[in-house]
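In: Compute the structure for the input listed below.
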Amino acid sequence: MKPVEIYTSPLCGYCHAAKRLLTKKGVTFTEHDVSRDPSLRAVMMKRANGGRTVPQIFVGDTHVGGSDDLHALDHAGKLDALLAG
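Out: The predicted model follows:
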């Protein structure tokens, strides 16, 4: 399984929804809290091609996007293949 990284902040409902989906699928992920370290937000924005909102989700080298994008991949049946990649 490819490594999964998710940039979050504690009060973000979309972040919690994305983490719930990943956890439900048995995916372990590395979480980066951008609210605690401003330099992480800069790293996130660079990796996400300017994306400023959280969550920003990465599967391996692939930028998935946010929670809605992650859920759309799952509903389309494409998330499992991306994770297994």
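
In: going forward, measure contacts between C-alpha atoms and count neighbours the same way
Out: OK.

In: Would you mind confirming that residue 35 is in contact with residue 7?
Out: No. Contact status for residue 35 versus residue 7: not in contact, 9.6 Å apart, counting by Cα atoms under 8 Å.

In: Neighbour count for these two, which is higher?
Out: More neighbours sit around residue 7 than around the other of residue 35 and residue 7, counting by other Cα atoms under 10 Å; the figures are 23 against 14.

In: Phi first, then psi, for that one.
Out: With angles defined as degrees, to the nearest 10, residue 7 shows backbone torsions of phi -90, psi 130.

In: Across the sheet, point out what pairs with it.
Out: Taking DSSP bridges, one obtains residue 32, residue 56 as the residues bridged to residue 7.

In: Show the contacting residues for the residue nearest the centre of the chain.
Out: Centroid-nearest residue in the chain, with Cα atoms, centre = their mean: residue 57, separated by 2.0 Å. With contact taken as Cα atoms under 8 Å, 6 or more residues apart in numbering, residue 57 is in contact with 4, 5, 6, 7, 63, 64, 65, 66, 67, 70.

In: Leaving aside the residues adjacent along the chain, what's closest to it?
Out: Setting aside the residues directly before and after it, residue 57 is nearest to residue 6 in space (Cα to Cα, 6 or more residues apart in numbering), at 4.5 Å.

In: how close does residue 44 get to residue 81?
Out: Counting by Cα to Cα, to the nearest Å, the gap from residue 44 to residue 81 is 24 Å.

In: can you map out the strands along this structure?
Out: Ranges of strands in the chain, per DSSP state E, are 4-8, 30-33, 56-59, 62-65.

In: Would you mind measuring from the residue nearest to the centre of the chain to residue 22?
Out: Taken as Cα to Cα, the span from residue 57 to residue 22 is 11 Å.
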